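Undergrad: show me how the following folds:
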Amino acid sequence: MRRQPIQFLSAAMMGVALLGWLATTATADDAAATSPPAAALTTWDGRHSIDTIRATVVYFVPSDRQGLADWRERAEWLCERLRRFHHREFAGRSRLLTTLHPEPFRSAMTTATLRAGNADATFFNTLREVDAAIDVGRDGDGAFPVLVVLSDINWRPLDDFSRQSPDGGGWKLDGALSDGGVHVPGSAAGGSRAVYLPDRGRGWGLVSGDGWRVPYRGSDCVVYHEGIGHAIGMPHPEPADGSVMSEGQYRSALAQSWIDAGQKRTLGFTLADGQVIPSDPSFDQFIVTPEPAVPRPGQPVVLRLSPETLLPKQLRVELQTSLRGPWITVAMDDTPLGSGVVPLGRFDRPCAVAWRVTRPALPATNEPSDSDHTPRASDDPSAGLSAWGYFQVRIDPAIPPPPVDVDPTDRMPTTPGEAGEAIDLLALVNPARDGVSGEWTQGEVEGRSELLAPRGFGARIELPYAPPEAYRLTLVVEPLDEPHGLSIGLRSGGNRFLALLGFGTPGTRASALENVDGRNVADSPTRIGGDVFVKNRPALIVCTVLPGGVAVTVDGRPWIDWKGDPARLSLSDYWQTPRQEALFLGAYDCRYRFLRVTLEPLAGGGRSLVVADEPSAP
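TA: Predicted coordinates for the structure are as follows:
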């Protein structure tokens with residue numbers, strides 16, 4: 001398989017279910033010791049070694065929310081799950097270390113600020129803030145660094161414990177179910193994302209609240225998919241299958257998923273002659289299933305544990321009926337475990353239920369958060385036995401239980417002016433047709449169009465789209481040279497103008513709207529000094545154009561905020577393009593890579609300027 005440099009932003013594949021698993025017991029050390037020296041494993045593009053991966057895992061809480069009291073237990077459970085899966089799939093040749101940040105990361109931003117814009121904006125606002133505060137660069141051991149953020153919020157308001165989002169004065173179901181009513185991760189309000197940053201030699205992964213806070217079956221698949229897989233450059237395999245980088249989260253827990261063999265080969269992994277994937281029955285085979293999957297109030301509920309040969313003499317079973325509520329211990333004194341059935345009792349009303357199964361004989365761990373926990377052989381096959389899961393008690397199979405103890409920021413309905421479906425403007429661009437000045441080039445990475453601006457003075461290209469009355473334009477842009485002026489051609493009330501960002505040389509850079517009352521960046525009332533971009537570092541830009549003003553943010557920071565009559569805005573002759581209705585992009589003495597340019601209508605209707613029989617790409 002030919003390797004391609006990849007730098008992509010990938011939405012999580014989300015769903016809802018039940019998750020069972022174990023702690024460490026088995027090893028591949030003996031098999032590995034008898035194998036000949038193996039070639040180094042690398043990221044997808046071959047640029048960085050992944051013989052060791054160090055994942056820094058951070059619990060992220062906005063300034064206006066209260067974090068979960070048991071966040072550490074949930075995060076450690078997921079970290080252990082990821083380490084064991086990674087060890088098994090790569091036969092110990094790639095070591096995954098996890099470092100859990102000791103305290104919740106308290107954001108300086110509110111939930112509303114983080115949710116402004118689309119899900120990509122939330123991703124970059126979150127990861128930029130954490131990355132600036134926590135250095136995850138390479139240590140002396142040469143491990144490939146990954147920053148995994150477990151967010152307390154979703155991109156849009158959502159009560160992920162009841163799996164409902166606010167809808168007017170009520171609530172609507174917003175979650176995914178597999179066959180049989182098993183809850184698996186997946187919500188339109190979620191927003192998990194990841195990006196591999198080859199030039200910086202690191203990866204970023206964001207797991208939104210619905211991807212990890214509630215133990216649906218397959219939640220651990222989501223965390224590996226985003227936090228490890230995409231963060232080292234792995235794409236979705238084609239055709240789709242049940243592997244972790246494809247539809248694994250919808251089909252099983254992480255232990256029953258796998259990494260596609262072809263993807264492993266691209267990373268440099270193949271089994272030596274006679275070598276086999278290490279077996280770890282307590283991880284690979286242990287499954288806990290609630291029965292029935294969707295119980296009614298008053299109906300007996302049990303947990304079925306298999307295989308029975310792994311069961312110890314004692315287990316602790318706990319239940320939780322509110323995400324912020326206490327864990328209640330289920331009495332187990334007279335429960336024989338040999339049958340593999342644990343009665344949970346009856347629930348007298350509709351409710352959501354999380355459960356967990358642990359070995360009470362194991363002492364609490366005081367080991368440091370930085371750990372690899374490479375599985376070791378054990379005389380007790382059930383050592384560290386653990387499982388978590390979730391189900392809902394429903395009065396009717398189609399009616400979810402009412403939300404309880406919902407955070408106030410998740411009770412807010414979507415605000416007026418909520419954006420419509422995003423339009424991919426890069427997919428409309430044809431450089432041969434739309435280029436105005438300079439040699440613009442276009443490519444495709446992971447099914448997404450990518451546009452490269454030439455280095456020149458006044459390079460520009462039209463985006464063949466006439467915007468609506470009000471809209472939000474979102475761009476992910478990476479300067480490939482020492483940053484200079486980036487121009488974003490906009491339109492409001494029939495008037496064209498541009499947002500000029502980072503114009504000038506170091507120490508003199510300025511940004512502004514051009515023109516306001518005929519004045520350009522030199523004396524515009526919107527002028528602001530300071531650096532905007534860093535070479536080889538993608539930046540998220542959000543331009544919001546309303547009838548009464550224009551706002552521009554960069555990586556979540558307010559940069560330009562102008563209010564006034566659109567009639568005061570104009571475009572100088574230097575930046576003009578042939579079609580007066582069109583938006584456009586421009587670059588000044590710097591090559592820019594445009595990874596994303598999308599438009600979300602806020603009011604009115606826009607339209608494509610591409611003639612029906614014209615191709616949209618060369």
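Undergrad: C-alpha from now on. contacts and neighbour counts both.
TA: Will do.
Undergrad: chain center to stretch 306-315, what's the gap?
TA: Averaged C-alpha coordinates place stretch 306-315 at 36 Å from its chain's average position (Cα atoms, centre = their mean, to the nearest Å).
Undergrad: for it, C-alpha coordinates in PDB please.
TA: C-alpha atoms of stretch 306-315 as PDB (Å, rounded to 0.1, in the frame of the first residue of the first chain):
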ATOM      1  CA  SER A 306     -19.800 -15.500  30.300                       C
ATOM      2  CA  PRO A 307     -17.800 -17.600  30.100                       C
ATOM      3  CA  GLU A 308     -18.600 -19.100  33.500                       C
ATOM      4  CA  THR A 309     -15.100 -20.600  33.700                       C
ATOM      5  CA  LEU A 310     -13.600 -17.100  34.300                       C
ATOM      6  CA  LEU A 311     -15.900 -16.200  37.200                       C
ATOM      7  CA  PRO A 312     -14.400 -15.800  40.600                       C
ATOM      8  CA  LYS A 313     -16.100 -16.700  43.900                       C
ATOM      9  CA  GLN A 314     -17.000 -13.100  44.600                       C
ATOM     10  CA  LEU A 315     -17.900 -10.000  42.700                       C
END
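Undergrad: list the buried residues in that stretch.
TA: Buried positions in stretch 306-315, judged by neighbour count with 16 or more other Cα atoms under 10 Å: 306, 310-312, 315.
Undergrad: make JSON lines from these and add pLDDT, distance to P525 and secondary structure to it.
TA: As requested, the buried residues of stretch 306-315 are exported to JSON lines (pLDDT from 0 to 100; distance: Cα to Cα, whole Å; DSSP: H, G, I helix; E, B strand; the rest coil):
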{"residue": "S306", "pLDDT": "90", "distance to P525": "69", "secondary structure": "strand"}
{"residue": "L310", "pLDDT": "84", "distance to P525": "72", "secondary structure": "helix"}
{"residue": "L311", "pLDDT": "83", "distance to P525": "72", "secondary structure": "coil"}
{"residue": "P312", "pLDDT": "79", "distance to P525": "73", "secondary structure": "coil"}
{"residue": "L315", "pLDDT": "84", "distance to P525": "68", "secondary structure": "coil"}
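Undergrad: between the residues you listed, which is nearest R88?
TA: L310 (19.1 Å; Cα to Cα).
Undergrad: the closest one is in contact with F283, isn't it?
TA: No: in this structure, L310 is not within contact of F283 by Cα atoms under 8 Å, at 10.5 Å.
Undergrad: ok, longest helix in the protein?
TA: Of all the elements of type helix in the chain, the one with the most residues (DSSP state H) is helix 71-89.
Undergrad: now it - C-alpha only, PDB.
TA: The C-alpha atoms that make up helix 71-89 are tabulated as PDB, following Å, rounded to 0.1, in the frame of the first residue of the first chain:
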ATOM      1  CA  TRP A  71     -14.200  11.000  36.400                       C
ATOM      2  CA  ARG A  72     -11.000   9.300  37.300                       C
ATOM      3  CA  GLU A  73     -12.500   5.800  37.700                       C
ATOM      4  CA  ARG A  74     -14.100   6.200  34.200                       C
ATOM      5  CA  ALA A  75     -11.000   7.500  32.600                       C
ATOM      6  CA  GLU A  76      -8.700   4.800  34.200                       C
ATOM      7  CA  TRP A  77     -11.100   2.100  33.100                       C
ATOM      8  CA  LEU A  78     -10.900   3.400  29.500                       C
ATOM      9  CA  CYS A  79      -7.100   3.700  29.600                       C
ATOM     10  CA  GLU A  80      -6.700   0.200  30.800                       C
ATOM     11  CA  ARG A  81      -9.000  -1.000  28.000                       C
ATOM     12  CA  LEU A  82      -7.000   0.800  25.300                       C
ATOM     13  CA  ARG A  83      -3.600  -0.500  26.600                       C
ATOM     14  CA  ARG A  84      -4.700  -4.100  26.500                       C
ATOM     15  CA  PHE A  85      -6.300  -3.900  23.100                       C
ATOM     16  CA  HIS A  86      -3.200  -2.200  21.600                       C
ATOM     17  CA  HIS A  87      -0.900  -4.700  23.200                       C
ATOM     18  CA  ARG A  88      -2.900  -7.600  21.800                       C
ATOM     19  CA  GLU A  89      -3.300  -6.200  18.300                       C
END
